[in-house]
Each structure stands twice: as C-alpha cells, then as structure tokens.
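# quick check, what structure comes out for this input:
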Amino acid sequence: MKFEKEMKIIKKGTSEIIPEEALIKKLEYSHKTGKPLRIKYGIDPTGSDVHIGHLVPIRKMREFQDLGHIGVIIIGDFTAQIGDPTGRDSSRPALTHEQVKQNADRYMEQIYTVLDKSKTEVRWQSEWFGKMGMADVLKLLSKFTLAQFLAHDTFRKRYENGLSLGMHELMYPVLQAYDSVAIQSDVELGATEQKFNILSGRDMQRYFNMPEQVAVLSPILMGTDGKQKMSKSLGNYIAVFDNPKEKYGKVMSIPDELIINYFNYATKLDPDEIDKIEKELKAGEINPKIIKQRLAREIVSLYHGNEEAVKAEEEFNRIFSQNKIPTDMPEMIIKEKIWIIKLLKDTKLCSSNGEARRMIKQNAVSIDGEKITNSNQEIFPENEMILKVGKRRFLKLIKG
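So this is what the prediction gives:
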C-alpha cells in the first residue's frame, strides 16, 4: 500500500477514517506537490483546564506535523458562545467574548506542550464570521435541511423527549462546518462523538465546490477509574498542569485493562512497540505493573522530560513500596480552625467542594493516618500533621 508507514502512524489510536482512500490520495498529492496538508482541529474554550483526554486529537495533529503537515487550530469564539450541544440534554450557559479569550490563552498554553509551534496556525472564527451579514447566514443555512439535523442523535433525542432545543444550537454544526471552508481544511480531527459535525464539514466544502476534507476520528480516552470517560467533574482525569509525581501516580492507579488504551491514545510510542507490549501482556510474559511503570514514565516524559519521569518513579516507589511519606510536600500554616472541605479546596487537594465531600465519603482523607469521616469537621493542628487525600496527595499542616 502507498504511504504504508504514514498510514500506520495516522491509524494508531484512531477508530475511523472517512474515507481512508481519500486520505491516501491527499498524502500522494502532498508528496508530489510539496504542499503540506492542512490538519484542522477546533476548540471551544468553554473552560481553561485541559486533561490528557482532551489531547488525544492534539497528539494526532502532532503526528501529522511530524510527517510534514500544518496543524490549524481554530479558536471557536463564536461556537464557544453557543456551546457544543453534542451529548447534552440541555443548553449550555452563554459565555462572554472576554471569557472565551481568557480561556483560549490558557488552553493554547497547554496545547503547546504537545504541538510544534512552528507548524501550527491559530485562527479565530471571528476572522470570517465577524464579517458576515444576515444574507450570508441564510445562505449557509440553506445548504442544510431539518431532516439532516434530526439525524444528529443529540438533537433527535432532545426533540423526541420534549426537551429544550434552541435554534442557536442547530447553528453549531453549520458554523463548525463552515470553518472547514474558511481555512481550506484537508483533514479534520475529532472524537467519535464529533462525527456528525465533521461530516457536515465535508458537505459544506462540497457545496462550495472545494475538495472534501477527510475525517480522522479518535475514541474518547477512558478516565483513570476505567468506568467513564475522562472528566474533571468525575475526578478521574490527568491534567496537563498536574506535576510529574501526580501524573505518575494517577497512571499507576489505572486498571490493567486500560494499559494498551493509554499507550495508544496518550503516548507517542511507535505502533509496533505497542503491539509487542500487548502480546507480552496477553501471554502473561511480564508483570503488568512493570508495563504500567513504563507507561507512566512515557506520559510524564512527554510533558516534563526524562529526568522528571525518573524522579517521579523513585518517589512513587518510595511512598508505595516502602510505605513512606514524600520527601518533600507542600506546607500550610494554620492559625485558626478551618473547615475540612474549605481546607481541601483552598489547598487544591480537591478541585471542588463536591470532590472533597466525595473523597471523605470514600474514606480517602486522613490526618496522620486517621480517617476523616465527618465532612463538617474543623481542623486545627496541635503540632505538625500530615493531611493525605487519596494515595498521592499530601499536605503538611503547621500550627501558626
């Protein structure tokens, strides 16, 4: 097969390429002309914190960049003010343009931990939508039918169940589709749940007599609990801004059946090497813990370098194999009694009051080895005390 090596890299960690033969033709055209393909990925910065699940398509973009192509990130300053309705049974709250701008800046900072900045083009939807009038909008809408929109699972289910479905939400796939026209996309990346929107981009390009983009769809990365997709609200995520020790420990906590899933979607390891690891695991030739340690090193190295990965592993072994506390940990001086929930949230040991309550309910919070069971408890250290949350989060409390 032509471009076998390139296709093997592109196929790694993808669930579907639509249509695959068209991608091969695009690679061939790029090779002949020396013109790089334009690889599109749109982000709606409705929030500012990114976890490694968000980076699955971004990592695929980096692989395209390493093959010589251009990554085009579209900042959805229009679509973010709608909010992607996919998979939701209610409308999202609207964001201001200033909120979108602030979120986008922080979002890009995290994305650049993966992408090659010299091969990345950043575009804002307002470049084209900001110039459109009502006549232009009506022209875009005329390209689609209500029947097409009701084929979208989310829209159909909300309509059939009598739930709210705003007219502005029907515009979302149209806006995302036109982005592909505006930047002359050759390939669009996204999660499998984005299939409808990405295929709408192919339709839109056809309406404008342009070559149709290829859809490269990736599965959603499972959370560290192995039960649901990675989500900050569920507490089963690995954040880009987590420190090396936190990342390492979270990877080591995943169920063994997720090891290959994470190698495929969260590392840049060669597909042949992943195949070899998978065979070893299935044959029982190696302890899964050893493979998981390699996975943890690979992920930490991507964001922090090899030296930090080694340090994180040494610290993990020290804490868990030798049952010791970390050699260094953050400290907090306590001058008066403080509510345990507030303490956990303010110190960022938990991301929210809700997570703090969940961790206490799960008996995952302790002080000097004694479990905290009352979420209304107030804390004041008599001497130095060690607050522990889960298996990896520690804080030294010091009497002020």
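
# tell me which helix or strand the nearest residue to residue 278 once chain neighbours are set aside sits in.
Closest residue to residue 278 apart from its sequence neighbours, by CB to CB, 6 or more residues apart in numbering: residue 260 at 5.1 Å. Placement of C-beta: from N, CA and C, glycine included. Here residue 260, judged by DSSP states H and E, is contained in helix 259-266.

# now do that helix: which elements does it pack against?
Judged by 3 or more CB pairs under 8 Å, 6 or more residues apart in numbering; DSSP states H and E, helix 259-266 is in contact with helix 56-66, helix 271-283, helix 288-304.

# repeat that with 7 Å
For helix 259-266, the elements it packs on are helix 271-283, helix 288-304, judged by 3 or more CB pairs under 7 Å, 6 or more residues apart in numbering; DSSP states H and E.

# so which of these gets nearest residue 129?
Closest approach to residue 129 among these (CB to CB): helix 288-304, 33.7 Å.

# can I get that closest one in PDB? Just the C-alpha atoms.
Extracted C-alpha coordinates of helix 288-304, given in PDB (Å, rounded to 0.1, in the frame of the first residue of the first chain):
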ATOM      1  CA  PRO A 288       1.500  -5.600  34.300                       C
ATOM      2  CA  LYS A 289       3.000  -3.400  37.000                       C
ATOM      3  CA  ILE A 290       6.300  -3.200  35.100                       C
ATOM      4  CA  ILE A 291       4.500  -2.200  31.900                       C
ATOM      5  CA  LYS A 292       2.400   0.300  33.800                       C
ATOM      6  CA  GLN A 293       5.500   1.900  35.200                       C
ATOM      7  CA  ARG A 294       6.900   2.200  31.600                       C
ATOM      8  CA  LEU A 295       3.500   3.800  30.600                       C
ATOM      9  CA  ALA A 296       3.800   6.300  33.500                       C
ATOM     10  CA  ARG A 297       7.300   7.200  32.500                       C
ATOM     11  CA  GLU A 298       6.300   7.700  28.900                       C
ATOM     12  CA  ILE A 299       3.500  10.100  29.800                       C
ATOM     13  CA  VAL A 300       5.400  12.100  32.400                       C
ATOM     14  CA  SER A 301       8.400  12.400  29.900                       C
ATOM     15  CA  LEU A 302       6.100  13.900  27.300                       C
ATOM     16  CA  TYR A 303       5.300  16.800  29.500                       C
ATOM     17  CA  HIS A 304       8.300  17.200  31.800                       C
END
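
# go through the next helix or strand after it and flag the buried ones.
Using DSSP H and E, the helix or strand that follows helix 288-304 in sequence is helix 306-316. For helix 306-316, the buried set under the neighbour-count rule, 16 or more other CB atoms under 10 Å, comprises 308-309, 311-313, 315-316.

# who touches helix 306-316?
For helix 306-316, the external contacting residues (CB atoms under 7 Å, 6 or more residues apart in numbering) are 244-245, 248-249, 252, 293, 296-297, 300-301, 326-327.

# show me what the following helix or strand past that helix is packed up against.
Helices and strands here follow DSSP H and E; after helix 306-316, the next one along the chain is strand 331-334. For strand 331-334, the elements it packs on are strand 393-399, judged by 3+ CB pairs under 7 Å, 6+ apart.
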